[in-house]
Structure formats: C-alpha cells, structure tokens
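Visitor: Provide a 3D model corresponding to the input given below.
(chains A and B)
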There are 2 protein chains.
Amino acid sequence: MGETLADLGEWELIRRLGAFAPPGQFADDAALVNHGGGEAGRLVLNTDVLVEGVHFSDATTGPADVGWRAAAANLSDLAAMGCTEVAGITVGLVAPGGTAWSWVEGVYAGLHQALERYGGEILGGDCSGGAQRLLAVTALGRIGTAGGTIRRADGRPGDVIVCTGPHGLSRLGLALLQGEFRLPTGEASEPEASALAARAIAAHRRPQPRFDAVGALIASRPAGLPWRVGGCDSSDGLAAAVAAIAAASGCAARLERRALPIAPAMAAMPEAERWCLGGGEDFELVLALEPGWAAALAAAQPEALRIGELVAGDPGELGWADGSPWRADEEALASYRHFSGAGAVPAA
Amino acid sequence: MGETLADLGEWELIRRLGAFAPPGQFADDAALVNHGGGEAGRLVLNTDVLVEGVHFSDATTGPADVGWRAAAANLSDLAAMGCTEVAGITVGLVAPGGTAWSWVEGVYAGLHQALERYGGEILGGDCSGGAQRLLAVTALGRIGTAGGTIRRADGRPGDVIVCTGPHGLSRLGLALLQGEFRLPTGEASEPEASALAARAIAAHRRPQPRFDAVGALIASRPAGLPWRVGGCDSSDGLAAAVAAIAAASGCAARLERRALPIAPAMAAMPEAERWCLGGGEDFELVLALEPGWAAALAAAQPEALRIGELVAGDPGELGWADGSPWRADEEALASYRHFSGAGAVPAA
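Guide: Here you go, the predicted model:
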C-alpha cells in the first residue's frame, strides 16, 4: 500500500502537509492569521488533538484534568507565539455512545476552569460518535499592541537562550502516576518526597501556560531595542525546543550543562538530566533573546533561567557549551513521535 | 454507570454543554467571537469533526472528496452566519499509523481545492495516531462591513422563509453511492437519469458553501431596511433548519407543500419529499426575511425559493400552510442523531 504514516513519523508528515499551506505557515507552535492586516493580522489560531491512549488515560488523568490539560496545552502555544489575550476555544468531542455523561461533564468543567484562569470562553464546537474518546481543541488568541510575535525563526547567533522555569517535573509526575517510579521514602526525606510528588503530579495534570512570562518579556524589553524574539514552548521537550529554534533560525545551540533547569528537589535523581532535556510537557517558554533583554527578563522573573546560547553553526545542531560532545542518546531526546506506536509517553 | 451520550442524543448533549459557555453561545451554526469589539467582533469560528464510518467511508468518498467535504461543510457554517470572507482553516488529523500517506495527501488536496475556490489558507493543525481516521476542521471567517450577522434567533412572525436551492440531491447521491437505490434506466429516460445521478453524486461529494448567496442577500437588501436576517444552513436537513430558526425565533413555521424545493428532475421520485425535508447535507442557506427583502433576493437569485413563512405560534412548531397536519413521520425528519448508532445516514 505504499508509505504509511508510521513510516513517515510525525515531523516528516507535518513537513509534507506544509506543501498545502503558504511557505513557512507550519513553522511555529501556532498559526498567525495573515488576513486583512491591522488588528486581524495579530490573531493566532492553534489546534491540538488529544487522543485517549495516546495523550491521556483514565489511569493517570481524571476528566477535569483532561479538560484542563487540553485547554492549557493549547493556550501554551498561544503564549509561545506572544499572545497576551485569549479570545476563546472551540471543542470537537468524539466519543463512543456508551461514554458516561459524567466524564464529558468533567472534561468541560476542566476546560472551563482553565479559561476562568487564563481568559476566553468556550465559543463553540462539534460532537460526534466514534471508536475512541478524543478532543480537538482550537484556541484563538491575540497579540497585544505592547508586544509582538514570538517565532522560532527569529533567533540569531549571540542570542541568549532563556527558559521560564524548571523542566522534568511533568515527566516525573507521569512516572509516579504510572507506578513506574517511586520517590525515596526514608523517614528523613518523607516530607520533601511527598511535596515533590505533589508538585510533579500537579505539573503533569495541571500545566500552566506562561502568559505571565509573556507579560514579563514585554515589560523587560530594554528601551529602544526592536522587538525580535525567537522562541517556542517546551511541550515536546526542552532539547527539542532548543533544536527547533536553532534549526529555524539557521544556527547551532550550546547548552550549559551546569545551568540545566532541573527542579532543585529533583537534582539528586539519576533521571533528572534526561527528563529535564526530553521529558516533555513542561509547557515553559524557551526564548532566544539579545543578551541585555535576557538579563532584564531574568531579573524580572526569578524563575527565568539562562540555559545557553545560539551560535553560528549547522542549523539545529545541539552541543554543550563546555565542548563535550552531544551523545546519540541525548540526540534522541530532541525527537518525539506520536505515530510510531500506541504509547502515551515520550521517548525519554 | 449513569447516563451515557447515547442516552442523551446529540442535541441534549449540546444543550448541556452550553452551560459551560456564555448564554446563547451555542445557538448558531458557528461561533461569533465576541472579543475586543471592532473588527474582531465580526469574526466567526467553526469546528466540525468528520469521523470515518460516521461521516465518510471509503466506499462512497475518495480522499479528495473527504477533504473537500470537510472544508465545504465547515465553510457553509461560516456562510450561514453571514461571513463574506474566509481567513483559513486548521486541520486536526487523527489516523492509525498504518494509514497510507496517499490517503492523507488526497484529503489535503481536497481541502486545498476548496480553499482555492472559496478563499483562505490552511493555517495550521495537529496530527496524532488513533484508532480511527478522522478530521477536526476549524474555520475562521469574517463578516464584511457591507453585511451583517445571520442568526437563528433573528426571525420574526411574518418573515418569509427562503432557501437558496433545491434539497434532496445529496441524499440521493448517497443512496446511489451506497447502492440502496437505482434510477430508472429505460431507454427514453437514460440521458436524464445519468445527468441526475451525476448531479446528485456531485452534490454529495462536492457540496458548495453558498457565499454567493450571502453576496446576493447583501446586494438585495431594500434601501433603508435595517439588517435583520434569521437563518442557518440546511446541513442537518431542511425541516430541521426551519424548525431550528422557528424555535430560536420564538415562533412557528408554515411550509408550502407545493413550493417544496425539490430538484425538478427528482420530482417524480416517491422519496423526493422525504429526502427534500430530511435528507440533509444539501448545505443551502435557509433564511427568514422581511417579505420585501425575500422578494428582492428571489429576483436576484433565481434558485432562491420562497418555501413558507414564520407565524405566531408554539416556538419551533412546524405545519403546512394549507392547514394539513404535520405528521409524526414528518416530525422525525427534523432530527438528526450522531450518537444513536454507527450509521452514517440521517434518519431519513
């Protein structure tokens, strides 16, 4: 039957589908609506699909968390484009006829909670029967006049790479929920372990789109510096985000191993570096900024961390700032495939 | 396990989900984006999901037709809200990993063809593996300054009900494709039968959103008459569309049996009236207009037909203008349920 989607993988599929869209239209986390100029030219539209067994399961995620995550993941892509306002979402719901109304009600309650927090309304949607529960959520946002667009391709050699918070917590939360991992439970570490577990599970179930960081980015721009921000969110993993920015910006990236944004409470865990770089779904912003702007942002947002820089080099090539090689197993952290199997879990 | 979605049916499900949205937000074919006022207040967003085995099948619809229908059905909802411009669509694609790339390529070619015809771009989207092929398409459109919004609730007693073209052809096309029906093949009728078959199959596979009729509606507004247009499209069937407008507008509707918009070539078929009223997926506009405007529209668009009127009465009640009762089997034509079974076919 010729090539299948599994043969292609998600990235090659998206690359080929890009041929049906204007050049570069699929290059970012979400779509700029280039239509009519003026205000409408600052609209951003984003669609995510969440499929049972791929993106969520009853074992790890209750219905309200499914709804929150569906909205929050989508809104994170708006934030990653520089949006400061959420107009609303539409929701395509597919479910077998035997699905409990209480499950659907819980999902919508979670969607609604996220919009109460971040703005916007449930604008509309569609429902259908189908073999498998899934949500297709589309969010519409706006880039305010005080800020500008964040695009993957807008980085330059010499930019400092900043991320807006720690990474790996969501992956730890998933591991705990799936029972594949236990935190140490010796008496001395008990309170710290349960605090970390609660934080990691919350990171997995209730991710926070970083509109606050977009606000801080706008507020910290040095006077006179033109708007130019490379960036995306880290939903597919931190290393993948840095590689995507570097590739789109036509340069290489160097990360500082000692500055990896590992949550301090996870620092002693052997998995910490791997999950920080490739765990995925932390939904922080990863930004490439002129050094003065990066310093001003870090001063304004204590969680914003300098993790490396863009340098002249092969587009998308990752390396460590100390010159040590980027190993093949580290390379794998920068990819994330939805079509290669039924697993919900990123490669790491 | 309590109530299931099959227990509720699609309309009750949508009614309950409306509690999570602003009052009246789910009342129309698509969502007005009430955000920020001005130009952005005239944006319309619409999401449709199309599921294999429910909305399409390989037996009746090739991949390019699946794509065209997915876009056209969605754009029809924009036209039904009064949009005159299409900004673009996003596409959520779910498919098993074993799906042929050639099928996906064909679907996108069909989507692209529809946008080439009606305007707009493929703006973005998302892809995921899943058990079943489906598309979730979201379209963003704009209501131009020369026109206005078409809403179901904007009809009034005394309005003339107009539809923009014949009904039943799409249902005939489906019946022919599924082999459940054959047109007469006697020698004399052969050329007419094959022309009708081709037209019916095209109506099913390549529906046409009626942006041209929106343009005619705008152009035919009598001087000085304020913009007020009740309406929706007839995707769920003509009787369902009339009932929906009447119910939202707080009045009853009377249809003229002798003015039913049956395609002339179908007039002799016993199924003609049933498929005209309840076949669905004809994607014409059904409008409730002040009588002078209705007459001007019919003069401007020969296909636009007066089919009845809105009258004071029980909200949503349908009847025949000659006073004959609306029978229970006719009642059933006004409903359309996606959750009640696996069937692709509307009740009629």
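Visitor: just the C-alpha atoms of stretch A:208-223, please, in CSV.
Guide: The C-alpha atoms that make up stretch A:208-223 are tabulated as CSV, following Å, rounded to 0.1, in the frame of the first residue of the first chain:
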residue,chain,number,x,y,z
GLN,A,208,0.3,26.4,33.4
PRO,A,209,0.6,28.3,30.2
ARG,A,210,3.1,31.1,30.8
PHE,A,211,1.1,34.2,29.8
ASP,A,212,2.7,35.8,32.9
ALA,A,213,6.1,35.3,31.3
VAL,A,214,5.0,36.9,28.1
GLY,A,215,4.0,39.9,30.2
ALA,A,216,7.4,40.0,31.9
LEU,A,217,9.1,39.6,28.5
ILE,A,218,7.2,42.7,27.2
ALA,A,219,7.9,44.7,30.3
SER,A,220,11.6,43.9,30.4
ARG,A,221,12.4,44.9,26.8
PRO,A,222,15.3,47.4,27.0
ALA,A,223,14.3,50.8,25.8
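Visitor: so how far is that stretch from its chain's centroid?
Guide: When distances are taken as CA atoms, centre = their mean, to the nearest Å, stretch A:208-223 is centred 16 Å away from the chain's centroid.
Visitor: does chain B sit close to that stretch?
Guide: No: Stretch A:208-223 does not reach chain B (CB under 8 Å from any CB of the partner chain); its nearest approach is 15.4 Å. All C-beta atoms are positioned from the backbone trio N, CA, C, and that covers glycine.
Visitor: contact partners of that stretch?
Guide: With contact meaning CB atoms under 8 Å, 6 or more residues apart in numbering or on different chains, stretch A:208-223 is reached by A:72, A:75-76, A:78-79, A:82-84, A:118, A:144, A:146-147, A:150, A:164-165, A:227, A:229, A:233, A:283-285, A:287, A:290, A:292-293, A:296-297, A:299-301, A:304.
Visitor: let's see that with 7 Å instead.
Guide: Stretch A:208-223 has contacts (CB atoms under 7 Å, 6 or more residues apart in numbering or on different chains) with A:72, A:75-76, A:79, A:82, A:84, A:118, A:146-147, A:164, A:229, A:283-285, A:292-293, A:296-297, A:300-301, A:304.
Visitor: show me which residues of the stretch 101-250 of chain A sit near chain B.
Guide: Contact residues, the stretch 101-250 of chain A versus chain B (CB under 7 Å from any CB of the partner chain): A:101-102, A:104, A:108, A:111-112, A:121-132, A:134, A:136, A:138, A:140, A:142.
Visitor: ok, which stretches of the stretch 201-348 of chain A are helices?
Guide: Along the stretch 201-348 of chain A, counting by DSSP state H, counting those that start in this stretch, helices occupy A:211-219, A:238-249, A:272-278, A:291-300, A:328-331.
Visitor: what's the longest one packed up against?
Guide: Counting contacts by 3 or more CB pairs under 7 Å, 6 or more residues apart in numbering or on different chains; DSSP states H and E, helix A:238-249 packs against strand A:229-233, strand A:252-255, helix A:272-278, strand A:285-289, strand A:318-320.
Visitor: tabulate the ones you listed (TSV), appending mean pLDDT and distance to residue A:68.
Guide: Converted to TSV, those look like this (pLDDT from 0 to 100; distance: least, CB to CB, whole Å):
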stretch	mean pLDDT	distance to residue A:68
strand A:229-233	97	16
strand A:252-255	96	31
helix A:272-278	92	22
strand A:285-289	98	19
strand A:318-320	93	32
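Visitor: hmm, who's touching the host helix or strand of residue A:116?
Guide: Using DSSP states H and E, residue A:116 sits in helix A:101-118. The contact list for helix A:101-118, computed with CB under 7 Å, 6+ apart, reads A:62-68, A:70-72, A:75, A:86, A:89, A:91, A:93, A:95, A:121-122, A:135, A:209, A:211, B:2-5, B:8, B:17, B:20.
Visitor: domain assignment for chain A?
Guide: A:5-142, A:150-334 (automatic domain parsing).
Visitor: can you tell me which of these is most buried?
Guide: Across these, averaging neighbours per residue (mean count of other CB atoms under 10 Å in any protein chain shown) puts domain A:5-142 on top, at a mean of 22.
Visitor: what distance separates the start and the end of that domain?
Guide: 33 Å (CA to CA, to the nearest Å).
Visitor: what do you get for stretch A:133-152?
Guide: 32 Å.
Visitor: if we ignore the residues flanking it in sequence, what's nearest residue A:7?
Guide: residue B:101 (7.4 Å; CB to CB, 6 or more residues apart in numbering or on different chains).
Visitor: do the same with residue A:242
Guide: Nearest residue to residue A:242, sequence neighbours excluded (CB to CB, 6+ apart): residue A:253, at 4.9 Å.
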